[in-house]
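kindly generate the corresponding structure for this input.
(one chain, ligands or ions: 1)
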Amino acid sequence: MSLKGKSAIVTGSTSGIGLAYARALAAEGADVVINGFGPADAIETERKKIETDFGVKALYSPADMTKPDEIAAMVKLAADSFGGPDILINNAGIQHVAPVDEFPPEKWDAIIAINLTAAFHAIRHAVPLMKAKKWGRIISTASAHSLVASPFKSAYVTAKHGIAGLTKTVALEVATHGITVNCISPGYVWTPLVEKQIPDTMKARGLTREQVINDVILDAQPTKEFVTVEQVAALAVFLCGDAAKSITGANISMDGGWTAA
Ligand code: NAD
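Have a look, this model is predicted:
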């Protein structure tokens, strides 16, 4: 499929699933705006690598997804530079694992802001630009936790259920404008986000690292395998194509059977 002439914003794309989305869209010819935190030199290396590997333009937006003004500036960067975004992928996310009565309120606020409210702001700025072109693809990374809960993840599960609702609502609103709105719900994907929650899960459940990986994380997935970032990105690329134009308002699971149980 060719996405030549299209442009994409991928939030939280300095790492993990987001970086895989950005590279997969660029591989199909899309210009991309990458976003997220990390060491400036590492981000610049990834940005340049996208350009040299795929012959597209790649820009970096340092927008902090907790800041609505910066989200607006990120969308404006894509509009001014590429006349886009044609594709918006809401992907930035963080996690915190703690029982609800010990859950730090500032962590709750940050997770709701980054994992849910940021998508609202990016969508509300991108939709008028997509409507003007009568074409658009909005994809959000939800999670198996948009469909089922796990203990000690109250903010994350709440935000991800919210993403599924936002997806359905916006899909209905823009259905006649050539814009599709979907979310992808991966199970566990081996990324820094999963790596970082292992120590807190060890503490919350009183388990060793190996027990957390085998008895908590992979226990949820009947395949007993991590989902890969490349698999998630390939689904996003498919959703951007013409073959997927009737898929909208969907929450597509890629969780090794987790939510089938
Ligand atoms: P990751 O930690 O590798 O990447 C998260 C990205 O978000 C990074 O680029 C980070 O810099 C960025 N980010 C964090 N806070 C930000 C902020 N305030 N502003 C801008 N960017 C910010 O994690 P990942 O596993 O690749 O997660 C990506 C998405 O996938 C998240 O929404 C996550 O909830 C979701 N997800 C992950 C898994 C998994 O198992 N890894 C499963 C289901 C869903």
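
what comes into contact with the one helix or strand residue 193 maps to?
Following DSSP states H and E, one finds residue 193 within helix 192-205. For helix 192-205, the surrounding residues in contact (C-beta atoms under 8 Å, 6 or more residues apart in numbering) are 15-16, 93-99, 152, 188, 207-209, 211-213, 216-217, 226. C-beta: built from backbone N, CA, C; applies to glycine.

so how many other residues sit close to residue 122?
Residues lying near residue 122 (other C-beta atoms under 10 Å) number 27.

the helix or strand where it lies packs against which elements?
Residue 122 belongs to helix 118-133 when assigned by DSSP H and E. With contacts defined as 3 or more C-beta pairs under 8 Å, 6 or more residues apart in numbering; DSSP states H and E, helix 118-133 has these neighbours: helix 68-82, strand 87-90, strand 136-141, helix 154-174, strand 179-186.

hmm, it in reach of the ligand?
No - contact of helix 118-133 with the ligand is not found when judged by C-beta under 6 Å from any ligand atom; the minimum separation is 7.1 Å.

what's next to that helix, contact-wise?
With contacts defined as C-beta under 8 Å, 6+ apart, helix 118-133 is touched by 9, 11, 65-66, 68, 71-72, 74-76, 79, 84-86, 88, 90, 92, 136, 138, 140, 163, 166, 170, 174, 177-179, 181.

one more time with 7 Å
Applying C-beta atoms under 7 Å, 6 or more residues apart in numbering, the contact partners of helix 118-133 are 11, 65, 68, 71-72, 75, 79, 84-86, 88, 90, 92, 136, 138, 140, 163, 166, 170, 174, 177, 179.

quick one: mean pLDDT for that helix?
Per-residue pLDDT values over helix 118-133 give a mean of 98.

next one: stretch 227-246
97.

identify the residues contacting it?
So stretch 227-246 is contacted by 1, 3, 16-17, 20-21, 24-25, 28, 87, 89, 137, 139, 180, 182, 184, 186-189, 191, 247, 252, 254-256 (C-beta under 7 Å, 6+ apart).

just the buried members of these?
3, 16-17, 20-21, 24-25, 28, 87, 89, 137, 139, 180, 182, 184, 186-189, 191, 252, 254-256 (16 or more other C-beta atoms under 10 Å).

and whichever residue of the stretch 51-200 of the chain sits closest to the ligand, how many neighbours?
For the stretch 51-200 of the chain, the residue positioned closest to the ligand under C-beta to the nearest ligand atom is residue 93, at a distance of 2.3 Å. Number of residues near residue 93 (other C-beta under 10 Å) recorded here: 27.

name the nearest residue to it, sequence neighbours excluded.
residue 115 (4.7 Å; C-beta to C-beta, 6 or more residues apart in numbering).

lowest-pLDDT helix or strand in the chain?
When each helix and strand of the chain is scored by mean pLDDT, DSSP states H and E, helix 192-205 comes last, with a mean of 88.

re earlier: near the ligand, from the buried ones among the contacts of stretch 227-246?
By C-beta under 6 Å from any ligand atom, the members of these lying near the ligand are 16, 17, 186, 188, 189, 191.

mind giving me the PyMOL command for buried ones among the contacts of helix 192-205?
To isolate the buried ones among the contacts of helix 192-205 in PyMOL, judged by 16+ other C-beta under 10 Å, type:
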select buried, resi 15+16+93+94+95+96+97+98+152+188+207+212+213+216+217+226
